[in-house]
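Visitor: kindly generate the corresponding structure for this input.
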Amino acid sequence: MPDVDLDPVIHAPARLRVVATLAALSTGDELSFPTLQKLLAMTAGNLSTHLRKLEDAGYVRVTKTHEGRTPATYLALTPRGRAAFEDYTTALNTLLRGAGA
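Guide: I've put the predicted structure just below:
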């Protein structure tokens, strides 16, 4: 069995879904909070909690702005977040290949 460490920040199922969704965007692209919330079928509070952990780890950039008088929040993976997700998927693939051996 290979000795593989899975990033605990990403490994939580809800955070993995967030990171995987944001990783599907092109570098530099952002997704609005409501759009991500709808895509993942998460409550605003639950999504906010997971985004805070990802932001604290430096994996997600949260941009708060206004569109007219309405507050708007946009989300994107940072370069560090993309690298962490790539490392995570590599480690997971290694683990899965080792488990079948």
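Visitor: hey, let's count contacts and neighbours off CA atoms from now on
Guide: OK.
Visitor: where in the chain is pLDDT low?
Guide: Within the chain, the stretches with pLDDT under 70 are 1-2, 99-101.
Visitor: can you tell me the centre-most residue of it?
Guide: The residue lying closest to the centre of the chain (C-alpha atoms, centre = their mean) is Val19, at 1.9 Å.
Visitor: just confirm it is within a helix.
Guide: Yes - when DSSP: H, G, I helix; E, B strand; the rest coil is applied, Val19 is found to be in a helix.
Visitor: residue contacts, it?
Guide: 10, 77, 81, 85 (C-alpha atoms under 8 Å, 6 or more residues apart in numbering).
Visitor: between the residues you listed, which sits nearest Ser32?
Guide: Nearest to Ser32, judged by C-alpha to C-alpha, of those is Leu77 at 12.5 Å.
Visitor: which ones are touching the closest residue to that closest one other than its chain neighbours?
Guide: Using C-alpha to C-alpha, 6 or more residues apart in numbering and skipping residues adjacent in sequence, the residue nearest Leu77 is Val60, 4.5 Å away. Shown in contact with Val60 (C-alpha under 8 Å, 6+ apart): 51, 54, 75-78, 81.
Visitor: reformat those residues as a markdown table; add secondary structure.
Guide: Below are the contacts of Val60 laid out as a markdown table (three-state DSSP):
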| residue | secondary structure |
| --- | --- |
| Leu51 | helix |
| Leu54 | helix |
| Leu75 | strand |
| Ala76 | strand |
| Leu77 | strand |
| Thr78 | coil |
| Gly81 | helix |
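Visitor: which single one of the residues you listed is nearest to Arg69?
Guide: Leu75 (19.5 Å).
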